[in-house]
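> Sequence below, structure please.
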Amino acid sequence: MRRVTTIAEVRKAVAEARARGARIGFVPTMGALHAGHGALMDASVAECDVTVVSIFVNPLQFGPAEDFHKYPRDLEADEAFCRERGVDIVFAPSDEEMYPRPPRAFVEVEELTAGLCGAYRPGHFRGVTTVVTKLFHIVQPDVAYFGQKDFQQAAVIRRMVEDLNFPLEIRTVPTVREADGLAMSSRNRYLNPEERRAATALYRGLVAAREVMEKGERDPEKVRARVREVWAEEPLVREQYIEVVDAVDLKPVSYIDGQVAVAVAAFVGTTRLIDNILFPETGSLT
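Numbering: from 1, shown residues only. Here you go, the predicted structure:
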């Protein structure tokens with residue numbers, strides 16, 4: 001495995017692989033790697049000849065009051081994690097390499113970014129789509145892998161790729177969970193033991209929502225109410241949003257018909273966590 005830190009290096013390494021006829025898989029990350037990232041890498045290693053993982057904490061997607069400076073960083077541990085997963089190239093650029101001067105060009109996806117997390121994190125998705133565009137241009141992968149846990153992000157990236165004719169495929173990999181159901185996230189490490197226990201309410205609420213839909217409930221208000229019932233048992237969980245949206249265009253639905261996502265965000269202590277489920281689960285997004 002190679003670790004490269006400059007755009008020129010990663011372009012050269014990918015060009016050499018492509019000259020050999022290799023299919024290039026790409027997993028963009030912000031580091032603090034865990035088994036959720038590992039599932040993306042596993043999919044790429046299984047489906048592609050060469051897997052590139054980027055590790056870059058992107059300042060453009062953090063608001064002024066968010067956790068950019070305390071976001072966990074451990075490049076040596078992340079590099080070891082990638083090596084164990086069979087990754088071929090780790091691209092770990094500095095802020096200065098990615099943004100040698102203040103950017104003046106940005107990429108935005110309208111409508112899909114208006115609700116859910118976009119309503120509470122202004123500018124976040126502009127930062128995501130801008131850096132992912134840069135990374136796609138730098139790495140030029142055949143396939144890029146994203147996790148369903150970041151459901152809105154994956155939908156936004158997919159639409160950006162379709163609208164702007166990027167010559168690559170977007171693959172969404174199912175959420176990886178801890179044994180007690182908590183979706184794996186780099187921010188889970190912010191939780192103290194009591195908060196960690198309480199955080200399982202997010203998924204328990206989603207499971208309860210799925211159960212009422214499986215029994216025939218089609219009123220999204222009642223589905224949301226069921227999630228709130230579960231969360232009410234955990235005083236450390238503070239709702240930010242609970243939404244039932246169309247799985248493709250992310251618009252709130254008034255009646256559950258076709259595939260929807262039940263998407264949630266909540267604070268557990270001071271840590272903001274997100275999660276979601278698809279219903280029905282069949283026909284999951286690719």
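
> Return the set of buried residues in stretch 240-256.
Ile242, Glu243, Val244, Val245, Asp246, Ala247, Leu250, Val253, Ile256 (16 or more other C-beta atoms under 10 Å). C-beta here means a position set from N, CA and C on the backbone, and glycine is covered the same way.

> Tell me which residues are up against that stretch.
111-112, 115-116, 119-120, 152, 155, 205, 213, 217-220, 223-224, 227-228, 258-267, 272, 278-279, 285 (C-beta atoms under 8 Å, 6 or more residues apart in numbering).

> quick revisit: can you tell me which of the buried residues of stretch 240-256 comes closest to Leu135?
Lowest distance from Leu135 to the buried residues of stretch 240-256 (C-beta to C-beta) belongs to Leu250, with 22.7 Å.

> secondary structure class for that closest one?
coil (DSSP: H, G, I helix; E, B strand; the rest coil).

> Can you spell out the domain ranges of this structure, please?
Per automatic domain parsing, the domain ranges recorded for the chain read 2-173, 186-279.

> Let's test this: mean pLDDT of the longest one, rounded?
For domain 2-173, mean pLDDT is 98.

> and it, how far apart are its ends?
With C-alpha to C-alpha, to the nearest Å as the measure, the ends of domain 2-173 fall 25 Å from one another.

> The last one too?
One end of domain 186-279 sits 26 Å from the other (C-alpha to C-alpha).

> how far does that domain sit from the chain's center?
How far domain 186-279 lies from its chain's middle: 16 Å, per C-alpha atoms, centre = their mean, to the nearest Å.

> Report the mean confidence score over it.
Mean per-residue pLDDT for domain 186-279: 98.

> Distance to Ala179 for the domains of the chain - can I get that in a markdown table?
Listed next are the domains of the chain as a markdown table, based on distance: least, C-beta to C-beta, whole Å:
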| stretch | distance to Ala179 |
| --- | --- |
| domain 2-173 | 11 |
| domain 186-279 | 10 |
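
> What segments of this protein are strands?
Using DSSP state E, the strands of the chain run over 2-4, 24-29, 50-55, 89-91, 143-147, 169-173, 237-246, 260-268, 271-279.

> Now those strands in JSON lines, please, with extra columns for distance to Ala15.
Formatted as JSON lines, the strands of the chain follow (distance: least, C-beta to C-beta, whole Å):
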{"stretch": "strand 2-4", "distance to Ala15": "12"}
{"stretch": "strand 24-29", "distance to Ala15": "10"}
{"stretch": "strand 50-55", "distance to Ala15": "11"}
{"stretch": "strand 89-91", "distance to Ala15": "12"}
{"stretch": "strand 143-147", "distance to Ala15": "17"}
{"stretch": "strand 169-173", "distance to Ala15": "20"}
{"stretch": "strand 237-246", "distance to Ala15": "40"}
{"stretch": "strand 260-268", "distance to Ala15": "38"}
{"stretch": "strand 271-279", "distance to Ala15": "37"}
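
> Those strands: which one's closest to Glu66?
strand 271-279 (8.7 Å).

> and the residue most central in space within the chain, what does it touch?
Central residue of the chain (C-alpha atoms, centre = their mean): Asp150, 3.2 Å from the mean position. Contacts for Asp150 (C-beta under 8 Å, 6+ apart) come out as Ile274.

> Over to Asp219?
Counted by C-beta under 8 Å, 6+ apart, Asp219 has contacts Tyr255, Ile256.

> do you know how far it is from Tyr255?
According to C-beta to C-beta, to the nearest Å, Asp219 and Tyr255 sit 7 Å apart.

> One more: Val212?
Taking C-beta to C-beta, one finds Val212 at 14 Å from Tyr255.

> Phe125 too?
27 Å.

> Arg224 now?
Following C-beta to C-beta, the distance that separates Arg224 from Tyr255 is 14 Å.

> Ok, Thr200 next?
Going from Thr200 to Tyr255 by C-beta to C-beta gives 30 Å.

> tally of neighbours for Glu97?
Number of residues near Glu97 (other C-beta atoms under 10 Å) recorded here: 16.

> dump the residue contacts of it.
With C-beta under 8 Å, 6+ apart, Glu97 has these contacts: Thr5, Thr6, Ile7.

> Repeat that for Val10.
By C-beta under 8 Å, 6+ apart, the contact list for Val10 reads Val4, Val52, Ile89, Phe91, Ile138, Val139.

> Might you report the residue contacts of the first one?
If you count contacts by C-beta under 8 Å, 6+ apart, Val4 has them with Val10, Ala13, Ile89, Val90, Phe91, Ala92.
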